[in-house]
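**Student:** Fold the following.
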Amino acid sequence: MTGLVGNGKKVLLMAVIDSNGELTGIGRAPRVAIATVEGGKVRSIEEIDVEWGESHEVEQEGLHHANIAKFIRAHSVGAIIAAGAGPDMQRMIEKLEIKLYLASGDFRKALESFAGRV
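**Tutor:** All right, here's what the predicted structure looks like:
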């Protein structure tokens, strides 16, 4: 992630959101919003239903985290904004070498706020 600000490269910033558009914890999130960030500004946002809360209830924790990691890799996410993440989730994200920002509130405001940091 170092050196990406201001050099014109695109970074995908993922906000983990609830059904009301507020930031929520990663492991039980119903939706994510993936923003394309370029030059420190949000250029586009795509919202995706992930239903991680439902899978959290039926999958073993290791499989649940692996499926979230697979999603993050498949979508080339460069950083994540969430209201929370348990210790195991934080370790998994660290192993992926993805920056995790913890915040609260409206996801669109959070994306705009953190766009200059990635």
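**Student:** What segments of this protein are helices?
**Tutor:** 52-58, 61-74, 87-95, 107-114 (DSSP state H).
**Student:** The ones you listed: which one's closest to Leu12?
**Tutor:** Across these, Leu12 has its closest neighbour in helix 61-74 (9.5 Å, C-beta to C-beta). For the C-beta atoms, the positions are set from N, CA and C on the backbone; glycine is no exception.
**Student:** Now that closest one: buried residues?
**Tutor:** 64-65, 68-69, 72 (16 or more other C-beta atoms under 10 Å).
**Student:** Looking at the residues you listed, spot the one nearest Lys95.
**Tutor:** Ranked by distance to Lys95 (C-beta to C-beta), the buried residues of helix 61-74 are led by Ala69 at 8.1 Å.
**Student:** Was I right to think that closest one contacts Leu96?
**Tutor:** Yes: in this structure, Ala69 is within contact of Leu96 by C-beta atoms under 8 Å, at 6.1 Å.
**Student:** thinking again about what came up before, farthest-separated two in the buried residues of helix 61-74?
**Tutor:** Most distant of the buried residues of helix 61-74, by C-beta to C-beta, are His64 and Ile72, 13.0 Å apart.
**Student:** Just checking the distance from stretch 88-104 to the centre of its chain.
**Tutor:** From the chain centre to the centre of stretch 88-104 is a distance of 9 Å (C-alpha atoms, centre = their mean, to the nearest Å).
**Student:** Quick check: buried residues in stretch 110-118?
**Tutor:** Of the residues in stretch 110-118, 110-111, 114-115, 117-118 count as buried by neighbour count, 16+ other C-beta under 10 Å.
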